[in-house]
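Chemist: what shape does this take:
(2 chains)
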Amino acid sequence: MKVPTYDAQFQRPRKGQGLPITAQLNASAMTAPARAFTDSNLEFAQTGKKIADFGFKKAEIGAESEALRAQSALQLELADLETQTLKNPNMSAAEQQYRTGSKILIDKYSKTLSNSLARRSFAASATKVQTQGLLSFTKLNNARVVAAAEANLTVDTDSSVKIAANLSLGPTARISAAVSGQVRIGDSLGDIGAEEVQKRSEVYYEDLVENTLAAHINAPGADVMTIVQQFREGNLADTVLQSAAANLTPEKLSDIANDATKQANNIIKLRTNLREQKEEQDNQANDALHRSIVNVDRDDPEAVEQARNDLDRLLSAGYFTKPSQVDALLRSLESESEGGAFPKKSAATDDAEADLEEKESLNQLSYEELLANKDKVTRQWYTGMLNTLEQERGEAETDAINEFKATFRYTELADRELIGTPSRQAYLQSTRDIRRFIRANPGVSYQDVMAEADRLIKLQKPRFEAQFEQFKTQSLISGYSLLTPTLKGKIPNPATASLEEVQKAVAAQLAAGSPDMLLLGFNNTLNKAFDLRIFD
Amino acid sequence: MGVELAIAGSAISAFGQMQAARGTKAAGKAALATAEYNKSIRDRNARVSDQEAKLRERVGDREVREFREDFGKLQARAGVAFRKSGVIASSGTPLEVMMQNANEAEEDVQTIRLQAATDAGRMRQQGVNQRLAGQLTLLEGRSQKMAADIQARSQMFGAVSSAAMSGYRISQIV
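Modeler: Sure thing, here's the model as predicted:
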């Protein structure tokens, strides 16, 4: 029998149709646009920040530049202010003045700035500049204070030295002044320091000794060399000097003595000069007296008598150095009855006067010669020449005369009868004229004399040139006309030939041994012409 | 000119920072919206899992019922067969055989029930997992929004302070 059995074999669907959905949004992707927007705007903000920073930087640079310009100008004005305030004699007031002035300047420049950034920048730098300026000013001002203290001390000690060296005061006053000066130096220790006090003390003692010794030397009628000798030996009786000298070294005392010796020599020289000056003044008075005698009106007997008395005074004063001077003057005062008559003006007196003037212009005229020629010249000329001889020739007159010599080719050896005549005439005329000018203008300057000399040369020169050329030609033609026909045939006529051709031919004849005297004379004239022509 | 440039630049910078703050705030909102959407999907999935679990339980009950019906029929045919062969089916060995069958069947019933309960439980766990994931997503979204809001406030503060600083600097120049 078969019995059915059952085995578990169940298979049925067990799930529904519902399924989970996997679709999900990505948060990062969903927020990306907003974040991109954020990033974009952050970049925008960053750009704005850069622009703003650039603007700020630009404004800062502009402000700094503006502040720097103001600072430079401020520095210049502070320097000016320093210079101005340092002129204030009151040092304390000067410092206050500088402080106030610098503040005013800072305010002034601060107001010129365009914005507050520039003002702040300027304020910082201005404070620095102001501080530096104040330091500089204070240093200079303090230096002035020290200098003023030193100057005051110098004045005080100089005053003490002056009183102590004043020999007209009593010993007590002098010693008191000397001690006072030393105390003053000691009291200034705090101002100038120990080293300076030491230096000033040494100088003070030195000054005391020098000034006191100088006072002794400069005393009227003092025996200066004896005083110096006594000082050298330490025997000069003066308490102040002895006390001060005790503080000086022997070397220093020796130096002072040497200086005093020089000073003594100078005093001796000065005394000599004063004496000579007095003598000079006396001489000037005597010269004036001499001129009054020379220029006296000879027609006035009383004046002539007075002149004679004055002459006696001059003689007693030893004014005259030569007897001929006295004789020349005495003869000028003689009346006609006394044989003192002078000739009237004539051609002869003119010639004599011209000769004597020429000699005088060459400094060759003596009183003796003038006296010897008294009878050949007029009274007026004679007294004028007495004046001329008495006066020394000035530099301007000498230079003017030399100018005439050079211009008119004047030589002292020029033959007055030959072709040198125009030179001599022009020279003498110009010399007379310039002397008249100098006498008519006492005290005239060198420039005026030379200007007058130039004027005279311009006046004389054309006439002189014409005369000279004429004289030269005439002299040569005249000499040539005297030659023998034979010589004339061998020597060319100077009227047509040149001087060189004529001289060559004359030289050839002389070399040939021609003994003709006329030829020699002609040769002499020819040589004169050559001598004078070298000035052309 | 420098001051004008500084003013313009400062304004641009402040505007840009304000806009950036707006963008950050918008990013926070977008993150929250995304999280809410994702949570709704997770919630829907959780509901599906719950429904599947219930279905599975119902299917298990029906399977037990159908099994019992089928087994009853089988036991009846077995009794008939014993009786046809002259074997008293309600005693001795036939009874033991039928008892054995009934025991086997009962074991399957319990297995079916256990299988259905296990499946339904797993599905419910899946639903719980989806729901939790949705809540986490929402929490993340809120957190992102909060962070974005804070960042936006920071940017706005930065913009204001930057503008104030620029204004101060400009006032120091002018």
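
Chemist: touching chain B at all, the top helix by length along chain A?
Modeler: For chain A, the helix that runs over the most residues, judged by DSSP state H, is helix A:27-85. Yes: where contact is defined by Cβ under 8 Å from any Cβ of the partner chain, part of helix A:27-85 touches chain B, namely A:27, A:30-31, A:33-63. Any C-beta I mention is one placed from the backbone N, CA and C, and that applies to glycine too.

Chemist: need the next SSE after that helix, C-terminal direction.
Modeler: With elements assigned by DSSP states H and E, the helix or strand that comes after helix A:27-85 is helix A:91-111.

Chemist: follow-up on the earlier one: buried ones among the residues of helix A:27-85 next to chain B?
Modeler: By neighbour count, with 16 or more other Cβ atoms under 10 Å in any protein chain shown, the residues of helix A:27-85 next to chain B hold A:27, A:30-31, A:34-35, A:37-38, A:41-42, A:44-45, A:48-49, A:51-53, A:55-56, A:58-60, A:62-63 as buried.

Chemist: middle-most residue in chain B, spatially?
Modeler: What sits nearest the mean C-alpha location of chain B, by Cα atoms, centre = their mean, is residue B:130, with 1.3 Å.

Chemist: ends of stretch A:513-522, what's the gap?
Modeler: 15 Å (Cα to Cα, to the nearest Å).

Chemist: my error: substitute stretch A:83-94 in the last question.
Modeler: 11 Å.

Chemist: got the CA coordinates for stretch A:423-430 in CSV?
Modeler: Provided in CSV are the C-alpha atoms of stretch A:423-430 (Å, rounded to 0.1, in the frame of the first residue of the first chain):
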residue,chain,number,x,y,z
SER,A,423,113.8,172.1,-31.9
ARG,A,424,115.4,174.4,-29.5
GLN,A,425,112.9,177.1,-30.1
ALA,A,426,109.9,174.8,-29.7
TYR,A,427,111.4,173.2,-26.6
LEU,A,428,112.2,176.5,-24.9
GLN,A,429,108.8,178.0,-25.8
SER,A,430,106.9,174.9,-24.4
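
Chemist: how much space separates residue A:355 from chain B?
Modeler: Per Cβ to the nearest Cβ, to the nearest Å, residue A:355 is found 105 Å from chain B.

Chemist: packing partners of the host helix or strand of that residue?
Modeler: Assigned by DSSP H and E, residue A:355 falls within helix A:347-361. Counting contacts by 3 or more Cβ pairs under 8 Å, 6 or more residues apart in numbering or on different chains; DSSP states H and E, helix A:347-361 is packed against helix A:367-372, helix A:379-390, helix A:421-440.

Chemist: for those helices, which one sits closest to residue A:268?
Modeler: helix A:379-390 (32.9 Å; Cβ to Cβ).

Chemist: just to check, residue A:472 is in contact with residue A:530?
Modeler: No: counting by Cβ atoms under 8 Å, residue A:472 stays clear of residue A:530, with 10.1 Å between them.

Chemist: which of those two has more neighbours?
Modeler: residue A:472 (20 against 12; other Cβ atoms under 10 Å in any protein chain shown).

Chemist: where does that one land on pLDDT?
Modeler: Looking at residue A:472, its pLDDT is 75.

Chemist: buried set for the worst-scoring helix or strand of chain A on mean pLDDT?
Modeler: Ranking every helix and strand in chain A by mean pLDDT, DSSP states H and E puts helix A:517-533 at the bottom, with a mean of 76. By neighbour count on 16+ other Cβ under 10 Å, the buried set for helix A:517-533 is A:519, A:522-523, A:525-526, A:528-529, A:532.

Chemist: so where is the chain shaky, pLDDT-wise?
Modeler: The chain I'm using is chain A. For chain A, the stretches with pLDDT under 70 are A:1-14, A:16, A:336-337, A:339-340, A:391-393, A:411-420, A:514, A:531-536.

Chemist: switch to chain B, please.
Modeler: B:1, B:89.

Chemist: can you show me the helices along it?
Modeler: Using DSSP H, helices in chain B cover B:2-84, B:92-173.

Chemist: just the ones you listed: most buried one?
Modeler: Here the criterion is mean neighbour count by mean count of other Cβ atoms under 10 Å in any protein chain shown, and of these the winner is helix B:2-84, at a mean of 19.

Chemist: and the angle from that helix to helix A:27-85?
Modeler: Here the directions of helix B:2-84 and helix A:27-85 differ by 160 degrees (axes from the mean of the first three to the mean of the last three Cα atoms, to 10 degrees).

Chemist: next, the angle helix B:92-173 makes with helix B:2-84.
Modeler: Interaxial angle of helix B:2-84 relative to helix B:92-173 (the same axes, to 10 degrees): 180 degrees.

Chemist: and helix B:2-84, what other elements does it pack with?
Modeler: Looks like helix B:2-84 contacts helix A:27-85, helix B:92-173 (3+ Cβ pairs under 8 Å, 6+ apart).

Chemist: in stretch A:488-505, what's buried?
Modeler: So for stretch A:488-505, counting by 16+ other Cβ under 10 Å, buried means A:491-492, A:494, A:502-503.

Chemist: how long is it end to end?
Modeler: So stretch A:488-505: terminal residues 10 Å apart, Cα to Cα.

Chemist: could you list the buried residues of stretch A:280-293?
Modeler: Buried residues in stretch A:280-293, counted by 16+ other Cβ under 10 Å: A:286, A:289-290, A:293.

Chemist: residues making contact with that stretch?
Modeler: A:307, A:310-311, A:313-314, A:317, A:319, A:329, A:333, A:387, A:390 (Cβ atoms under 8 Å, 6 or more residues apart in numbering or on different chains).
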